[in-house]
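Peer 1: Please work out how this folds:
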Amino acid sequence: MRNKASEIVSCVTKAILDHKLLPGTKLGEREIAEIFGLSRVVVRQALIELSDEGLVSLQHHRGAFVAKLSLGEALEIYEALTMLEQATAEKLAERGAMAGLGELRLMIERQAKAYADGNQMLADDIGRDFHSVLVRLGRNRIIEEFHTQLTRRAALMWSLYDSQPDTCAFVADHQKIVDLIEAGEVAAVKRHIQMHNNLVARSFDFEGSRKQELSVREALLPYKEKLLTG
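Peer 2: The predicted model follows:
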């Protein structure tokens, strides 16, 4: 049952991260069971796992929904992300770990080019990946797993709320972070990461939200088919 449940978890997670299933969307057990050709017991197990990841909200007598985030929850998530990234940056700066900084600089160049080419979506994606790569360079699997889980929860905001990011400023922030790590400026890089993540968290428009346009079946079928052919 675990392997079958993990297939549902994988497909639903990807649909959420790709903004195909928006926060607040109802995930009916019967419908998902029909989509995957599995029992509702397996679907229920998958939904519990997604709830543990913070991607799904299980509501008594109402069922399962793609989780929503309030401004307060968003700020708490970014505060936690900041703490993990600060710890990693401090570790890298103190040990003079220069090997991985080249990868980060290449990402900054790609992000700047995407922004210059008018590809805002790609620039935003690269910007988010920058933080994941930064944490990976710290070579602490537990921190990396926590960071990945928090980043997935933050993706709920990217799906639901419009954002007006100043990508040019974000690119400059990323460049500054790498420069400060390279210079061994621990206190300064920690301050800069906090300032940057606060700016990102507050770039979302929590007054309005996008509406779910695809049915759950339309959202999940492509991922199920890819799973079967992959």
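
Peer 1: Low-confidence stretches in the protein?
Peer 2: 1-2, 97, 160, 162-165, 206-208, 230 (pLDDT under 70).

Peer 1: What residues of the helix or strand where residue 75 lies count as buried?
Peer 2: Here residue 75, judged by DSSP states H and E, is contained in helix 71-95. Neighbour-count burial for helix 71-95 flags 74, 77-78, 80-93 (criterion: 16 or more other Cβ atoms under 10 Å). Bear in mind the C-beta positions are built from the backbone N, C-alpha and C, glycine included.

Peer 1: quick one: contacts of that helix?
Peer 2: 69, 97, 100-101, 131, 134-135, 137-138, 140, 143, 146-147, 150-151, 153-154, 157, 177, 180-186, 189-190, 193-194, 197-198, 200-201, 204, 206 (Cβ atoms under 8 Å, 6 or more residues apart in numbering).

Peer 1: In ChimeraX, select just the buried ones from those residues.
Peer 2: Remark: buried members of those, expressed as a ChimeraX selection using 16+ other Cβ under 10 Å:
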select :69,97,100,101,131,134,135,137,138,140,143,146,147,150,151,153,154,157,177,180,181,182,186,189,190,193,194,197,200,201,204
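
Peer 1: show me the residues around residue 195 that make contact.
Peer 2: By Cβ under 8 Å, 6+ apart, the neighbours of residue 195 are residue 173.

Peer 1: looking at this, it is in a strand?
Peer 2: No: Residue 195 is assigned helix when assessed by DSSP: H, G, I helix; E, B strand; the rest coil, not a strand.

Peer 1: for the protein, what spans make up the strands?
Peer 2: With strands called from DSSP state E, the chain shows them at 26-27, 56-59, 63-66.

Peer 1: Redo those strands as CSV? Include distance to residue 127.
Peer 2: CSV is the format used below for those (distance: least, Cβ to Cβ, whole Å):
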stretch, distance to residue 127
strand 26-27, 29
strand 56-59, 26
strand 63-66, 23
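
Peer 1: Just say which of the ones you listed is most tucked in.
Peer 2: Most buried of the strands of the chain, by mean neighbour count (mean count of other Cβ atoms under 10 Å): strand 63-66, with a mean of 20.

Peer 1: If you count contacts, what does that strand end up packed against?
Peer 2: Applying 3 or more Cβ pairs under 8 Å, 6 or more residues apart in numbering; DSSP states H and E, one finds that strand 63-66 makes contact with strand 26-27, helix 40-52, strand 56-59.

Peer 1: Residues contacting the last one, please?
Peer 2: By Cβ under 8 Å, 6+ apart, the residues outside strand 56-59 that reach it are 12, 27, 47, 48, 50, 51, 64, 65, 66, 67, 68.

Peer 1: go on, the shortest one?
Peer 2: With Cβ under 8 Å, 6+ apart as the contact definition, strand 26-27 has outside contacts at 12, 21, 47, 56, 63, 64, 65, 66, 216.

Peer 1: Redo those residues as CSV? Include distance to residue 224.
Peer 2: Below are the contacts of strand 26-27 laid out as CSV (distance: Cβ to Cβ, whole Å):
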residue, distance to residue 224
12, 10
21, 13
47, 16
56, 17
63, 21
64, 18
65, 20
66, 17
216, 12
